[in-house]
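Enquirer: sequence and predicted structure, then a few things I'm wondering about:
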Amino acid sequence: MADTTLSRTEAQEGAPGWRYLLGRLMLSVTFPDFASALGFVDAVGAVAEEHDHHPDIDLRWGRVVLAVASHDVGGITSRDLRFASAVDDLVSQHAGEVEHPTLTEVEIAIDTMDTARIRPFWAAVLGFEEDGDDALADPHSRLPGVWFQQLDEPRPVRNRIHIDVTVAHDEAQARIQAALDAGGTLVSDEAAPRFWILADADGNEACVCTWQGRD
């Protein structure tokens with residue numbers, strides 16, 4: 001039987017050394033050098049195997065950010081609290097220092113009168129998966145999520161924000177075609193292969209970009 005999903009308050013109070021952001025418990029730890037950070041990651045990996053519960057790990061020079069949740073129930077459970085407690089003991093052992101002010105999660109919100117009409121375009125152009133009826137998520141948990149906000153009335157003024165989607169140069173045409181097949185339109189290919197400008201059915205724009213043509 002799956003563990004019971006905890007409330008946000010229960011999750012945060014159960015792991016006071018971590019921070020609850022967008023459905024995950026997160027921990028940011030700084031280290032004096034890369035070797036110390038890597039040693040910490042190795043130790044976290046051993047704990048993860050012991051608990052059979054594995055976090056997302058972002059390793060940079062002198063910094064490690066961990067994020068954990070129970071994906072099978074879509075929230076935080078006692079498994080996550082046990083894992084967080086075990087990792088807490090490793091921070092000082094590896095000369096780490098918890099530093100939470102740097103923790104930031106970003107979501108992209110698109111206002112629309114008709115989510116169903118434009119969501120397939122954004123799923124295709126970003127390579128994302130559906131996350132409920134009104135959101136999309138990166139299947140690899142690397143990129144910001146996208147959600148769609150229902151408008152009470154249309155806003156005819158052109159949106160002054162667009163999204164740049166950089167892909168491997170040999171993936172660009174397939175990504176563009178997927179977006180077009182999902183109801184998008186090609187606004188301009190004048191700058192291709194540096195970038196192509198696409199738009200969803202509401203006129204919100206995305207540029208599919210590559211490194212080509214920039215030397």
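Expert: Perfect, I can see it now.

Enquirer: SS state for the residue lying farthest from the centre of the chain?
Expert: Here the chain reaches farthest from its C-alpha mean at residue 190, the gap being 30.8 Å by C-alpha atoms, centre = their mean. What DSSP: H, G, I helix; E, B strand; the rest coil gives for residue 190 is coil.

Enquirer: measure it to residue 197 for me?
Expert: The spacing between residue 190 and residue 197, counted by C-beta to C-beta, to the nearest Å, is 8 Å. In this view, the C-beta of every residue, glycine as well, is placed from N, C-alpha and C.

Enquirer: can you tell me which helices and strands the lengthiest helix in the chain packs against?
Expert: The single longest helix within the chain, with elements called by DSSP state H, is helix 34-51. Using 3 or more C-beta pairs under 8 Å, 6 or more residues apart in numbering; DSSP states H and E as the contact criterion, the neighbours of helix 34-51 among helices and strands are strand 56-60, strand 63-68, helix 78-93.

Enquirer: and the residue farthest from the centre of the chain, backbone torsions?
Expert: When read as degrees, to the nearest 10, the backbone of residue 190 gives phi -60, psi -30.

Enquirer: ok, now how distant is it from residue 93?
Expert: Summarising the geometry, the distance separating residue 190 from residue 93, computed by C-beta to C-beta, is 56 Å.

Enquirer: so who does residue 75 touch?
Expert: For residue 75, the contacting residues are 5, 6, 11, 23, 69, taking C-beta atoms under 8 Å, 6 or more residues apart in numbering as the criterion.

Enquirer: now do 7 Å
Expert: Contacts for residue 75 were tallied using C-beta atoms under 7 Å, 6 or more residues apart in numbering; they are 5, 6, 23, 69.

Enquirer: name whatever forms a beta bridge with it.
Expert: residue 70 (DSSP bridges).

Enquirer: specify the residue ranges that define each domain of the protein.
Expert: Residue ranges of the domains in the chain are recorded as 8-102, 108-209, according to automatic domain parsing.

Enquirer: quick one: buried residues of stretch 94-104?
Expert: Judged by neighbour count (16 or more other C-beta atoms under 10 Å), stretch 94-104 contains these buried residues: 94, 96.

Enquirer: okay, it in PDB with CA atoms only?
Expert: This file holds the C-alpha atoms of stretch 94-104, laid out as PDB (Å, rounded to 0.1, in the frame of the first residue of the first chain):
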ATOM      1  CA  HIS A  94      31.200  16.400   3.800                       C
ATOM      2  CA  ALA A  95      31.900  20.000   4.800                       C
ATOM      3  CA  GLY A  96      28.600  21.300   3.400                       C
ATOM      4  CA  GLU A  97      26.600  24.300   4.300                       C
ATOM      5  CA  VAL A  98      22.900  24.500   3.700                       C
ATOM      6  CA  GLU A  99      22.000  27.700   1.800                       C
ATOM      7  CA  HIS A 100      18.300  28.000   0.900                       C
ATOM      8  CA  PRO A 101      18.000  31.500  -0.400                       C
ATOM      9  CA  THR A 102      19.200  30.300  -3.800                       C
ATOM     10  CA  LEU A 103      16.300  27.800  -4.200                       C
ATOM     11  CA  THR A 104      14.000  29.000  -7.000                       C
END
